[in-house]
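Trainee: Predicted model follows, preceded by the sequence.
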Amino acid sequence: MPARPKSAPGTTATARPAHVAGPSRDLETFPNPAPARDLRIHMEIPEFTCLCPKTGQPDFATLVLDYVPDRLCVELKSLKLYVWSYRDQGAFHEAVTHRMLDDLVRATRPRFMRLKAKFFVRGGIFTTVVAEHRKAGWKPPVPVVLEALDSQQSVRG
């Protein structure tokens, strides 16, 4: 029988280095730098993975998070670790989308938040789940539509 490769003392071959964070359900926040303004934050998270609760096979999705913060914004590293925490969890697409939205709303208390989970094809079916939250009394600002201007060119003519 061949000898196993030896690990450094005090470690195992599968141990994560101490400085590398692991998956976590803790969502950290920081103060909104412009709380008087309806600031729109847009994030795309293309590496979401969870497991099908029926088959145990992996499901892959791109998460699209749009929100208008009130006093708090979600911190990106904690969001990454939060998303990672679902990797080995069985969850239906609809349930995981709503749970994630609920957790994000609880952490940040935004004026508005929309989470879109765009799951990759499974059995010939693409699934997209959209969940939204609106703070009571918040109304989105009326969009300003400006006439289109010609793009600048390096020559006049």
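Mentor: Thanks, I have the structure now. Values in this document were obtained by computation on a predicted structure and should not be read as measured data.

Trainee: Buried by neighbour count: which residues of the longest helix along the chain qualify?
Mentor: As assigned by DSSP state H, the longest helix anywhere in the chain is helix 93-108. Of all the residues in helix 93-108, those buried under the rule 16 or more other C-beta atoms under 10 Å are 93, 96, 97, 100, 101, 103, 104, 105, 107, 108. Backbone N, C-alpha and C define where each C-beta goes, glycine included.

Trainee: what's the spacing between it and its chain's center?
Mentor: Computed by C-alpha atoms, centre = their mean, to the nearest Å, the separation of helix 93-108 from the middle of its chain amounts to 10 Å.

Trainee: low-scoring stretches of the protein, by residue?
Mentor: Residue ranges of the chain with pLDDT under 70: 1-20, 151-157.

Trainee: name the helices or strands packed onto the longest helix of the chain?
Mentor: Counting by 3 or more C-beta pairs under 8 Å, 6 or more residues apart in numbering; DSSP states H and E, the packing neighbours recorded for helix 93-108 are strand 58-68, strand 72-74, strand 112-122, strand 125-134.

Trainee: What helix or strand is residue 77 located in?
Mentor: Element membership of residue 77, judged by DSSP states H and E, is helix 76-84.

Trainee: Is residue 74 in contact with residue 109, as I believe?
Mentor: No. Using C-beta atoms under 8 Å, residue 74 is not in contact with residue 109, being 10.9 Å away.

Trainee: and the buried residues of helix 93-108 as TSV, adding distance to residue 133?
Mentor: Output for these, formatted as TSV (distance: C-beta to C-beta, whole Å):
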residue	distance to residue 133
93	18
96	16
97	12
100	11
101	6
103	11
104	8
105	5
107	12
108	10
